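In: Quick one, fold the following:
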Amino acid sequence: MEAIKSMSSGDLKEFDPNSKKPRRGNKKVDDEEQVQQEGLPQTYVDIPLPSTAGLAPKSWVEDDKNTGQERDYTYAELLKRIYDLLNIKGDTERVGIDPPEVGRIGSRKIGWTNFAANCNQISRKTKHVQAFVLTELGTDGSIGADGKLVIRGRYGSKQLENLLRKYILEYVMCKSCKQVNTELQKENRLTFVVCNSCGSRTSVQSIRGGYQVQKKRVAT
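Out: Numbers count the residues shown, from 1 in each chain. Prediction:
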């Protein structure tokens, strides 16, 4: 009570309900000013990255030359790996394929006239693509001397084009870098898509063969 009595009226501020609450200082602005004064990088963008100019392309895939085991990579090598992968994805090849050209052969068959050319454009053997197409369609067919694929049934160019796209996704395009610079390799009854761009190796399902027509034997 004595402390309250000793306080003069000038020591107490009159309460004003309309007065605004004093604003606190902006800590973010203060931090930025401190960063500028001390010469520190404001964001990760300003942090200098190590140079990768002296590193060979894909040097990050090489193992230790002395032990042959996987080694610890330097920060510059890991950065080089990111750059290589970005370049791979940035330069992803677009498969330039002509649309399948289809013509009727009689009333029950069609001919894929540029079949051999389409297979050559995706660097795959005609027998492998033929087996995939016939298995997907559930029919039979054969390749003529001129490279034309004769298919039993009536199918349009758009349907065959969709099958070709599906084949590319499963047996041509790399699952890691989306490149089409790949090749098929068989090993111990397994089929692999091996990428020549990033070096990945992915197993794919083997094609059991085209549709086989079963003929009933007539008892004699």
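In: Report pLDDT for Thr220.
Out: On the pLDDT scale, Thr220 is placed at 43.
In: what residue ranges in this structure score low on pLDDT?
Out: In the predicted model of the chain, residues 1-65, 68, 70-71, 73, 77, 79-95, 209-220 satisfy pLDDT under 70.
In: now the strands: where do they sit in it?
Out: Secondary structure of the chain, counting by DSSP state E: strands at 102-105, 109-112, 141-143, 149-152, 182-187, 190-195, 201-204.
In: Could you pull out the buried residues of the first one?
Out: Of the residues in strand 102-105, those buried by neighbour count under the rule 16 or more other C-beta atoms under 10 Å are Val102. Heads up, the C-betas are built off the backbone N, CA and C, glycines and all.
In: just use 49 as the starting number from now, easier for me
Out: With 49 as the first residue, the last one maps to strand 150-153.
In: What helices and strands are in contact with it?
Out: Packing partners of strand 150-153 (3 or more C-beta pairs under 8 Å, 6 or more residues apart in numbering; DSSP states H and E): strand 157-160.
In: what does the strand it packs on contact?
Out: Residues from elsewhere that reach strand 157-160 (C-beta atoms under 8 Å, 6 or more residues apart in numbering): 148-153, 166, 192, 196-203, 208.
In: quick one: strands adjacent to that strand?
Out: Each strand paired with strand 157-160, and its direction, by DSSP bridges: strand 150-153 (antiparallel), strand 197-200 (antiparallel).
In: can you list those in JSON lines and add distance to Cys243?
Out: Formatted as JSON lines, the strands paired with strand 157-160 follow (distance: least, C-beta to C-beta, whole Å):
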{"stretch": "strand 150-153", "distance to Cys243": "32"}
{"stretch": "strand 197-200", "distance to Cys243": "27"}
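In: now for these, which one comes closest to Thr183?
Out: Closest approach to Thr183 among these (C-beta to C-beta): strand 197-200, 12.0 Å.
In: Domain map for this protein?
Out: Annotated domains of the chain cover 107-138, 150-252 [automatic domain parsing].
In: For these, state which one has the densest average packing.
Out: Most buried of the domains of the chain by mean neighbour count (mean count of other C-beta atoms under 10 Å) is domain 150-252; its value is a mean of 16.
In: distance between the ends of it?
Out: End-to-end distance for domain 150-252, by C-alpha to C-alpha, to the nearest Å: 29 Å.
In: List the residues that contact the nearest residue to Asn244 once chain neighbours are set aside.
Out: Once flanking residues are discounted, Asn244 sits nearest to Asn229: 4.6 Å by C-beta to C-beta, 6 or more residues apart in numbering. Contacts for Asn229 (C-beta under 8 Å, 6+ apart) come out as 141, 222, 243-245.
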